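A.B. asks: Coordinates only, no sequence provided:
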């Protein structure tokens with residue numbers, strides 16, 4: 001591969017990584033909005049019990065919005081923010097493990113499996129598209 005071809009391939013890879021980061025941010029923003037404005041819909045859609053105190057959902061929504069904003073910062077120039085890309089990969093995979101371990105053996109929390117799969121898919125997508133950057 002010539003240097004020009006390598007540069008073009010690297011550019012496509014970074015654009016693909018940026019796309020996964022933006023998509024992940026939108027995913028997080030959507031869940032944050034549902035937690036704030038339609039928690040009952042979210043609970044019904046995933047078959048999950050809602051916490052007794054609304055501040056728990058509000059706090060999680062704020063944390064999701066912060067994560068989403070971080071992904072948008074990383075997406076602007078992934079090559080300049082490899083630490084944020086690593087954080088995105090690690091955070092998504094850790095979120096997947098946390099959600100799956102919460103759902104394991106708990107039929108009433110089976111709705112978490114979908115969210116665990118979503119986080120896992122984003123973690124893998126970020127890692128695969130950012131593999132050159134993450135070396």
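C.D. replies: Structure's in. What do you need? Model, not experiment: these values are computed from the prediction.

A.B. asks: Pass me the low-pLDDT residue ranges in the chain, would you?
C.D. replies: Where the chain drops to pLDDT under 70, the residues are 1-10.

A.B. asks: could you pull out the helices for it?
C.D. replies: 3-37, 39-46, 54-76, 82-103, 112-129 (DSSP state H).

A.B. asks: CSV for those helices, including mean neighbour count and distance to residue 135?
C.D. replies: C-beta here means a position set from N, CA and C on the backbone, and glycine is covered the same way. Shown next, in CSV, are the helices of the chain (neighbours: other C-beta atoms under 10 Å; distance: least, C-beta to C-beta, whole Å):
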stretch, mean neighbour count, distance to residue 135
helix 3-37, 16, 12
helix 39-46, 14, 37
helix 54-76, 17, 17
helix 82-103, 17, 10
helix 112-129, 19, 11
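
A.B. asks: roughly how far apart are the residue nearest to residue 51 when sequence neighbours are not counted and residue 29?
C.D. replies: Computed as C-beta to C-beta, 6 or more residues apart in numbering, the closest residue to residue 51 that is not its neighbour in sequence is residue 57, at 6.4 Å. As for residue 57, its distance to residue 29 is 15 Å (criterion: C-beta to C-beta, to the nearest Å).

A.B. asks: one step back: the residue nearest to residue 51 contacts residue 38, correct?
C.D. replies: No: counting by C-beta atoms under 8 Å, residue 57 stays clear of residue 38, with 10.5 Å between them.
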